[in-house]
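Undergrad: fold the following.
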Amino acid sequence: MSSITVNTLDDAGPCELPLGLDQARALRTNLISSSRVSLLPATLTPVRTNNLSNFSKDFFLPTTLNHAVNTQGTFKKVMAVAGAILLDLLTLPIRLVTSAPRALCNAVFQNPLRKILIEERFSKDYTDQDTIKIEFKYQYQDEFKQTTLYVLKQNLNLVQTPNYVEAARYEEWTYP
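TA: Okay, the predicted model is just below:
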């Protein structure tokens, strides 16, 4: 039997979804993290529009809040924040124009796993997360009628994130 177990990064509590063979095959190809966006496009368009907190960080001061404040060293941080605020203020009109199309695009093109979690009525604790932990157990029979169980443990980004936002990266395949 195949299944997927979903948990938040802070281990709020796992939730398991049993899967049929066809569901497991379809899901196996869709277990991908959403892509990451480099600095320039992230400066010109709000990348994350999935909730108000992420949208406000990526709309008002994206370079300052997501990048410059993480700079090490006092002098470097002051210079980075000053330059980032200037860049953010100069590109604010462009973000204003591009925010509505970006929000519509993000609403239509969602991560395939996020769509499945919403369809299966998972709690908003899981579907509203930027990154979740999964454990995917996939059992299948090959042409010689031998059954194999694959287990994938991975952190997945459910929304596109800017390159400079720290994302939890973890992937482990096991073949028991």
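Undergrad: for the residue of the chain most remote from its centre, phi and psi?
TA: The centre of the chain is farthest from one residue, F144, which by C-alpha atoms, centre = their mean lies 37.8 Å away. Backbone torsions for F144, taken as degrees, to the nearest 10, come to phi -100, psi 10.
Undergrad: separation between it and K115?
TA: 34 Å (C-beta to C-beta, to the nearest Å). Every C-beta, even on glycine, is put in place using the N, C-alpha and C of the backbone.
Undergrad: with K76 instead?
TA: Plainly put, K76 is 41 Å away from K115 if you go by C-beta to C-beta.
Undergrad: and for F59?
TA: According to C-beta to C-beta, F59 stands 25 Å off from K115.
Undergrad: likewise for D88?
TA: Separation of D88 from K115 (C-beta to C-beta): 32 Å.
Undergrad: how about V78?
TA: Distance from V78 to K115, by C-beta to C-beta: 43 Å.
Undergrad: swap in L40?
TA: Counting by C-beta to C-beta, the gap from L40 to K115 is 29 Å.
Undergrad: neighbour count winner among those two?
TA: K115 (13 against 9; other C-beta atoms under 10 Å).
Undergrad: just the element for the more buried one, please.
TA: Element membership of K115 [criterion: DSSP states H and E] is helix 112-119.
Undergrad: whichever helix or strand comes after that helix - contacts with which helices or strands?
TA: Moving toward the C-terminus from helix 112-119, the next helix or strand (DSSP H and E) is helix 124-127. Judged by 3 or more C-beta pairs under 8 Å, 6 or more residues apart in numbering; DSSP states H and E, the packing partners of helix 124-127 are strand 2-8, helix 112-119.
Undergrad: contact partners of stretch 90-109?
TA: The contact list for stretch 90-109, computed with C-beta atoms under 8 Å, 6 or more residues apart in numbering, reads 43-50, 55, 59-60, 62, 159-160.
Undergrad: could I get the CA-only coordinates of that stretch as CSV?
TA: The C-alpha atoms that make up stretch 90-109 are tabulated as CSV, following Å, rounded to 0.1, in the frame of the first residue of the first chain:
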residue,chain,number,x,y,z
LEU,A,90,12.8,52.7,-7.2
THR,A,91,11.2,49.4,-8.2
LEU,A,92,8.0,49.9,-6.1
PRO,A,93,6.0,51.3,-9.1
ILE,A,94,7.0,48.2,-11.2
ARG,A,95,5.9,45.8,-8.4
LEU,A,96,2.6,47.7,-8.2
VAL,A,97,1.9,47.1,-11.9
THR,A,98,3.1,43.4,-11.8
SER,A,99,1.4,42.3,-8.5
ALA,A,100,-2.1,41.7,-9.8
PRO,A,101,-1.0,39.5,-12.7
ARG,A,102,1.5,37.7,-10.5
ALA,A,103,-1.2,36.9,-7.9
LEU,A,104,-3.5,35.5,-10.6
CYS,A,105,-0.7,33.4,-12.1
ASN,A,106,0.2,32.0,-8.6
ALA,A,107,-3.5,31.2,-8.0
VAL,A,108,-3.7,29.2,-11.3
PHE,A,109,-0.3,27.5,-11.3
